[in-house]
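Asker: Sharing a model that was predicted from the sequence below.
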Amino acid sequence: MELKLEQKFKIHVFNQQVENMDENEVKQTLIEIYQQMICQQNYYQQELKKAWLIL
């Protein structure tokens, strides 16, 4: 799947931010992003269950 130009720009900006972080900041950011991904996955699963009427 091709990324939109705006998404590519956001990735570039994030990459620059990461380059300026120390190792502990990078680790903490990675943990936070992973937690957000899990929350997003749970949200989508719940919405799909609602859409499929599987409560």
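Answerer: Done, it's in.

Asker: going forward, measure contacts between C-alpha atoms and count neighbours the same way
Answerer: Noted.

Asker: how far does the longest helix seen in the chain sit from the chain's center?
Answerer: Looking only at the chain and at elements set by DSSP state H, the helix with the highest residue count is helix 23-51. Relative to its chain's centre, helix 23-51 lies at 6 Å (C-alpha atoms, centre = their mean, to the nearest Å).

Asker: How much space separates the residue in the chain sticking out farthest from the centre from Gln40?
Answerer: In the chain, counting by C-alpha atoms, centre = their mean, Leu53 sits farthest out from the average C-alpha position, at 27.1 Å. Distance, Leu53 to Gln40, using C-alpha to C-alpha, to the nearest Å: 20 Å.

Asker: same check, this time on Trp52
Answerer: Look at Trp52 and Gln40: by C-alpha to C-alpha, they are 18 Å apart.

Asker: who's more crowded, these two?
Answerer: Gln40 (12 against 9; other C-alpha atoms under 10 Å).

Asker: Look at that one and report its pLDDT.
Answerer: We have a pLDDT of 98 for Gln40.

Asker: do the same with Glu25
Answerer: 97.

Asker: For Met21, identify the helix or strand it belongs to.
Answerer: Of the helices and strands defined by DSSP states H and E, none includes Met21.

Asker: Near it, how many other residues are there?
Answerer: Applying other C-alpha under 10 Å, we find 12 residues neighbouring Met21.
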